[in-house]
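# below is the sequence, then the predicted model.
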Amino acid sequence: MNVFLWILQGLFGLLFVVHGFALVVPPTAMRGTFEALPYGKGFLQFIGVCEVLGGLGLVLPRWLGVWPALTPLAAAGLAIIMVGAAVTHLRARETQPGVGAFVITLLLAVVAALRWA
């Protein structure tokens, strides 16, 4: 089970650091996509910073042995962000990304629960 959790943490850590960085400093190809969202630039940058910090928080505290209790908190915080992402996608009638965000939410909740124990 520990190996499974580390794989999830590593994959989600990388995913959120990359996606969060893209929200903070959007690549040219993605600027139009982010501008079409019903949120302001400042809010998207805030979410991006939260994703980067959460992605790092999934891996670094437990790996370095410094405040490992931050890992389940990071997973829980990212799960909350992903609920918002799922709602945003489903409101835009984007079923596949919405369901994907919901699945990520559930897996982050599993990481939070099992790392908390």
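Nice, I can see it.

# show me what stretch 6-19 is in contact with.
Residues outside stretch 6-19 that contact it (C-beta atoms under 8 Å, 6 or more residues apart in numbering): 48, 51-52, 54-56, 58-59, 62, 71, 75, 78, 104, 107-108, 110-111. All C-beta spots, glycine's among them, are computed from the backbone N, C-alpha and C.

# among the residues you listed, which are in strands?
Judged by DSSP state E, these include no members of strands.

# write the PyMOL selection for whichever of the residues you listed are buried.
Selection command for PyMOL covering only the buried members of the contacts of stretch 6-19, criterion 16 or more other C-beta atoms under 10 Å:
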select buried, resi 48+51+52+54+55+56+58+59+62+71+75+78+104+107+108+111
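
# lowest confidence element among the helices and strands of the protein?
helix 31-35 (a mean of 76; mean pLDDT, DSSP states H and E).

# and it, what's buried?
Under 16+ other C-beta under 10 Å, the buried positions of helix 31-35 are F34.

# same question for stretch 77-95.
77-79, 81-82, 85-86, 88-89.

# rebuild those residues as JSON lines, extending it with pLDDT and distance to Q96.
Output for the buried residues of stretch 77-95, formatted as JSON lines (pLDDT from 0 to 100; distance: C-beta to C-beta, whole Å):
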{"residue": "G77", "pLDDT": "97", "distance to Q96": "25"}
{"residue": "L78", "pLDDT": "98", "distance to Q96": "20"}
{"residue": "A79", "pLDDT": "98", "distance to Q96": "20"}
{"residue": "I81", "pLDDT": "97", "distance to Q96": "19"}
{"residue": "M82", "pLDDT": "97", "distance to Q96": "15"}
{"residue": "A85", "pLDDT": "93", "distance to Q96": "13"}
{"residue": "A86", "pLDDT": "95", "distance to Q96": "11"}
{"residue": "T88", "pLDDT": "90", "distance to Q96": "14"}
{"residue": "H89", "pLDDT": "90", "distance to Q96": "8"}
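
# including distance to L37, could those residues go into a markdown table?
Converted to a markdown table, the buried residues of stretch 77-95 look like this (distance: C-beta to C-beta, whole Å):
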| residue | distance to L37 |
| --- | --- |
| G77 | 20 |
| L78 | 19 |
| A79 | 20 |
| I81 | 14 |
| M82 | 15 |
| A85 | 11 |
| A86 | 14 |
| T88 | 7 |
| H89 | 10 |
